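> Turn this into a model:
(2 chains)
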2 protein chains.
Amino acid sequence: MNQLTDYITKSKESTLEELNEFLAIKSISTKSEFASDVRDCARFIADKCKTIGMQNTVVYETKKHPIVYSEFHVDDSKPTVLIYGHYDVQPPEPLDLWESDPFKATIRGEYIYARGVSDDKGQVYCHIKAIEAYLAVHKTLPVNIKLIIEGEEEIGSPNLAEFLKKHQTMLKSDTAVISDTPMINRDLPALCFSLRGMVYAEITVTGPNKDLHSGQFGGVIQNPIQALASIIAKLKDDEDRVTIPGFYDDVLSLTSQEEIYLNAVPLSKDNYLDDIGVNEFATSDEDAIAKKLWAEPTLDCNGICGGYTQKGAKTIIPSQASAKISMRLVANQDPYKIQEQFKTYIKSITPRGVTVDINIHNLAHPAKLSLETPYIHAACEAYKTVFGVSPQFVGEGGTIPVVADFKQILGIDTVMMGFNCPDDCIHSPNERFLVANFFKGIHTSLEFLSRVGSI
Amino acid sequence: MNQLTDYITKSKESTLEELNEFLAIKSISTKSEFASDVRDCARFIADKCKTIGMQNTVVYETKKHPIVYSEFHVDDSKPTVLIYGHYDVQPPEPLDLWESDPFKATIRGEYIYARGVSDDKGQVYCHIKAIEAYLAVHKTLPVNIKLIIEGEEEIGSPNLAEFLKKHQTMLKSDTAVISDTPMINRDLPALCFSLRGMVYAEITVTGPNKDLHSGQFGGVIQNPIQALASIIAKLKDDEDRVTIPGFYDDVLSLTSQEEIYLNAVPLSKDNYLDDIGVNEFATSDEDAIAKKLWAEPTLDCNGICGGYTQKGAKTIIPSQASAKISMRLVANQDPYKIQEQFKTYIKSITPRGVTVDINIHNLAHPAKLSLETPYIHAACEAYKTVFGVSPQFVGEGGTIPVVADFKQILGIDTVMMGFNCPDDCIHSPNERFLVANFFKGIHTSLEFLSRVGSI
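Below is the predicted model of the structure:
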C-alpha cells in the first residue's frame, strides 16, 4: 500500500484540480436547458476513464441523459465489482444563499464547497482516483471492475432500469458498491442496509379560468390556493402520520437485529436539530427518530406556488395553484400501488368548485439489504483500516433507485459505503465535502477493492 | 345639453387618444420599481386639469405616491361635489395571458383593452371629460367641484386619510362621487350602498435555517409548506365560513329594505359563473350569493409560495413558505380588531417545529351608505336619462377605503356611480371597458353635475 499512498499524496494538487473541473460542469439533470452541460459531464468522466487505462469505455445514449460505462477485466477467477455513481446534480437555487459560486469549487477551512461535491461527484471521484492509483502502480487491478456513472439520479433514474435489463450480460457482477450515503459523522463511518423509495407527484388545482378580483368574487367562489391547502392538510394527521388509505399496509417490520442496529445510532435533538436551527422534532416520540427516518415511509411537500407571489399586495382569487409532493417509501411498499392510492385519495378530498390534475414525476422502489456477505465484511475492514473504527449499520432516508434495480435485474446486493457527512448540505446552498474525507475515500476504496480481490 | 353632446361627439377621437396616453403610463403602485411611472401619471392628470381650465391644481406629495388635487369654484350658493378616483393600477401579471400589451390600449370589437381602463383610469377620465365639455361650452360649471385623484388605491390608500385630515377645510364638500364600482350589466346601471373593508396580511412560516434533503430529514422535521397549508386550511370551515374566533361578532344585519334591494339583484350560476369557467359556488346555499358577496365578510388566500417551484422535481424540505391572505370586512367590523383576532388565532394554530411571522400590508374600514339623499336621487335621474333605465341598488364586494374616510373625516356620504361591467376583467389579464359605456359615463357625469346644480 505504500506505493499507492505515495501516488495519492504526490498527485494531491492535480487530483483537486481535476475534481474542480468535474464540479464546474453544470450537470443539472432536472432542467432541460442544462442538457448539453449534462452531456459534457458524461464526456468528462468517459475521457477520464480512458486516460487512466480503463477498457471499453462507452457513453450510452438514453431517452434523456447519457450513461457512462467502463470496465477493466483482470481474470475470470477474480470477483467482479460493479461501481455505481451519478454525475448529475440538484439545481443550486436559492443562489443568493451561496457564499461562493456553486459551480466554482472553493476551499474554505477544511471543506471544498460546490454543488455536487458531496452528492455525488466527489464520492464518484474517490473510486476513479483509487482505480487510477492502482493501475498506475500495479498496471492491473485486484478485481474485475465494471463502472456505471449515470446522469439521471437526481430525477429518479428513469432510464437506468431499461439500461440494466438491456445489458444484463455485460453488467454481470458479484457485488455492487455505491458511495452516496453519509457517515454518522466525520470520524464514524456507516454501512447502510436500507433505502427509501419514492413517489414524486405534482398536483395542480384549477378554479376559475382567470385570476379574479377577490372583492368581486370573494366569499362565493372556491379559492384554488385554499382548496390546495385543505388537500395538503389532509395528507397527514396531527401525529405526523400519512393519512392516505392503505399507505402503511405493506410496510415491513424491522427484524430484531435491525432494531438493535438502529437503536445504536446516536440520533438526538442535540446532534440532529442544532445545526439546522430547529427546536423540536415533528413527532413527540423522540425515541423513534432513527426508525421514522429509515424504516418508516413519509410524505413531504417540496414546493408550492399560486397567485400573486411578488412584493406587496394584490387582491386576487387565482386561477390555479400547484404543489410538488414526494412520498418516501420503505420495504415492501410498491411505488406503483402507492401512486394509485395517492391519486384516489386526492380525488376524494378535493373540495367543490375546483378540479385537480395529478402528474407523477418519478417512482422508485425502496430497498433492504443483507449485512451477512463477504463484501460487507471487506467494507468494514477497509473502513477500520482507514478511519481506525468499525462502521455503524444504519438506514438511509433518501432514495437511490438503482439499489432495488441491481437486486431485481442483476441479482446482486450493494455495498453502500459512503464518505460524506450529514452536515454536508447536500441539495442545499453551500454543499460541501471534507477535503480529508475525500482523500480517505480514495484510500478506503483501494482497501475495499484489494480485500475483495482476496475473497 | 345639445351643445355638450356636440362637443363630446366632435372630440371623440382626441378623447380616445388622450385616454390611451393616460393608460400607457405604468402606474403600478405596489411595485417600487414603478415609482417614477406613478409620479408621471400624477403629473399627466394635473396637466390635464390645468389645460381644461380647473383652478388651484396641486400635486401633493405623500410618504409614497402623490395625490392630485384640483378645484373649480363657481359660487358659494352652489353645492360642492368632491370627485374622487385613482390613477394607480394593479400589476398586469400574468403577462402571457394578455392578448395585447396591457400598457398599449387596443380597441377590439366593442372594447378598449388595457390595464386600468376599467379600474379606474377610464372612469376617472369620464369625469375629466365631462368637466372639460361643460367648461368649454359654458365657461363655468353647474356646481363647485373639488377633485382628488390618488395613486395608492390599489395598495389600500395608506396615506389618504392623513391627507384628508390635514386638508379638511380645503376639501369641505356636500357630497362625494366615485366611479369605481360596476353596473349590473352593460345596460343596467347600479348604485352601491355598501363596500367591504380589508385586512391584508402576509404570513411567513419558518422551519429549518436552510432547505434540507427531504430524504435525510423527511418524517421527523416539520415541513413549513405543510405547516402553512394546515394553518390556511383551518381559516375556513367546510361551509366556507371564516373560523377566526370573534370574526363575525360585529357584523351588522341587513335592514329589511336592504334585503329587498339585494334579493332584487339577478345573481345566479348562469350569469355569474359561466364567464369564469366555474361550475358551482363554494357554498351550497345559492340563494344567499348577493348577501355573501356584499353583506358578509370573507377570507381569501391571494398568493402562496415556498420550496422548489420551477420545472421538474427537487426533493427538499424548504426553510420557509409564505402566503398572502386578505379578509374582506363588512359594516361594522373594525379592521384593527380583526387583525388582532387574526394574529392571535394564527399563533394558536401554528404546528410544532416552525415559527410564524405576520406582516400586515393594509387595513381599510367597510362602509354602508344612506340611499335617502338628494345626491342619490340626482344620480338615479342621470342614469335614467343616459341609459334609459333606473339603476338597481347593490352592494360591492370590493374595497374603496376612502368611502369610510369621507364619512368619518369629512362627514359626507358618497355616491358610488360606476360605468364598468362585472366582466371587465379588472385585476385580471385582458382588462377592458366598453367604448360605448365610457362615453355614456361622460354624459352621465354631465347629467349628474347639472342636476346637483339645481338642488
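> now the helices for the stretch 251-400 of chain A?
Secondary structure of the stretch 251-400 of chain A, counting by DSSP state H, counting those that start in this stretch: helices at A:256-264, A:269-273, A:289-294, A:335-349, A:374-387.
> Out of those, which is closest to B:Met417?
Across the helices of the stretch 251-400 of chain A, B:Met417 has its closest neighbour in helix A:335-349 (45.3 Å, CB to CB). For every residue, glycine as well, the C-beta is placed using N, CA and C.
> Determine the set of other helices and strands touching the closest one.
Judged by 3 or more CB pairs under 8 Å, 6 or more residues apart in numbering or on different chains; DSSP states H and E, the packing partners of helix A:335-349 are strand A:197-206, helix A:224-233, strand A:320-329, strand A:355-364.
> Just read off the phi/psi values of A:Thr418.
Quick fix: residue A:418 reads Gly, not Thr. Dihedral angles of A:Gly418 (phi, psi; degrees, to the nearest 10) stand at phi -100, psi 170.
> should've said A:Pro102
phi -60, psi -20.
> Next up, the contacts around it.
By CB atoms under 8 Å, 6 or more residues apart in numbering or on different chains, A:Pro102 lies in contact with A:92, A:95, A:114-115, A:429, A:431.
> how does it look with 10 Å?
Contacts for A:Pro102 (CB atoms under 10 Å, 6 or more residues apart in numbering or on different chains) come out as A:23-24, A:26, A:89-93, A:95, A:113-117, A:429-431.
> Please apply the same query to A:Ile426.
Applying CB under 10 Å, 6+ apart, the residues near A:Ile426 are A:89-90, A:115-120, A:180, A:182, A:398, A:420, A:432-433, B:212-213, B:215-216.
> Flag every buried residue along the lowest-mean-pLDDT helix or strand in chain A.
One helix or strand of chain A scores below all others by mean pLDDT, DSSP states H and E: helix A:269-273, with a mean of 78. The neighbour-count check on helix A:269-273 (16 or more other CB atoms under 10 Å in any protein chain shown) flags A:272-273 as buried.
> what about the residue of the stretch 251-400 of chain A found nearest chain B, how many neighbours?
Nearest residue of the stretch 251-400 of chain A to chain B (CB to the nearest CB) works out as A:Gly398 at 2.8 Å. For A:Gly398, the neighbour count with other CB atoms under 10 Å in any protein chain shown is 25.
> picking that back up, quick one: closest of the helices of the stretch 251-400 of chain A to B:Leu410.
Nearest to B:Leu410 among these is helix A:335-349; the distance by CB to CB comes to 50.5 Å.
> Now do the closest one: distance to the chain's middle.
Offset of helix A:335-349 from its chain centre (CA atoms, centre = their mean, to the nearest Å): 24 Å.
> Then stretch A:351-370?
18 Å.
> End to end on it, go ahead and measure it.
Taking CA to CA, to the nearest Å, stretch A:351-370 runs 46 Å from one end to the other.
> Any buried residues in that stretch, and which?
Neighbour-count burial for stretch A:351-370 [16+ other CB under 10 Å]: A:351, A:353-354, A:356, A:360-369.
> Run a quick check on A:Asp413 versus A:Ala379, I expect a contact.
No. With contact defined as CB atoms under 10 Å, A:Asp413 does not reach A:Ala379; the gap is 11.4 Å.
> Mutual contacts of the two, please.
Contacts common to A:Asp413 and A:Ala379, judged by CB under 10 Å, 6+ apart, are A:175, A:373.
> what residues go with each domain of chain A?
A:2-195+A:366-453, A:197-251+A:296-364 (automatic domain parsing).
> what's the average pLDDT for the last one?
Going back to what we said before, that points to domain A:197-251+A:296-364. Domain A:197-251+A:296-364 comes out with an average pLDDT of 96.
> related to what we said a few turns ago, among the helices and strands packed on helix A:335-349, which is nearest B:Met198?
helix A:224-233 (17.5 Å).
> what about that closest one, distance to the chain center?
Counting by CA atoms, centre = their mean, helix A:224-233 comes out at 29 Å from the chain centroid.
> quick one: it to strand A:355-364, angle?
For helix A:224-233 against strand A:355-364, the angle by axes from the mean of the first three to the mean of the last three CA atoms, to 10 degrees is 40 degrees.
> angle of helix A:224-233 against strand A:320-329?
Taking the same axes, to 10 degrees, one finds helix A:224-233 and strand A:320-329 inclined to each other by 10 degrees.
> Just give the number of residues close to the residue nearest to A:Glu110 when sequence neighbours are not counted.
Take A:Glu110 and drop its neighbours on the chain: the residue closest to it by CB to CB, 6 or more residues apart in numbering or on different chains is A:Leu434, 5.6 Å away. A:Leu434 has 22 neighbouring residues, counting by other CB under 10 Å.
> who touches A:Leu434 in this structure?
Under the criterion of CB under 10 Å, 6+ apart, the neighbours of A:Leu434 are A:109-112, A:117-118, A:122, A:183, A:186, A:419-421, A:424, A:440-441.
> one step back: and of the helices of the stretch 251-400 of chain A, who's closest to A:Ala136?
When those are compared by CB to CB, helix A:374-387 sits nearest A:Ala136, at 19.5 Å.
> on that earlier part again, which helix or strand contains the spatially closest residue to the residue of the stretch 251-400 of chain A closest to chain B that is not a sequence neighbour?
Distances taken as CB to CB, 6+ apart place B:Gly215 nearest to A:Gly398, at 2.8 Å, with adjacent residues excluded. Using DSSP states H and E, B:Gly215 sits within helix B:214-217.
> By proximity to chain B, which residue of the stretch 151-300 of chain A wins?
Nearest residue of the stretch 151-300 of chain A to chain B, counting by CB to the nearest CB: A:Gly215, 2.8 Å away.
> Test my guess that that residue contacts B:Gly398.
Yes. Under the criterion of CB under 10 Å, A:Gly215 makes contact with B:Gly398 at 2.8 Å.
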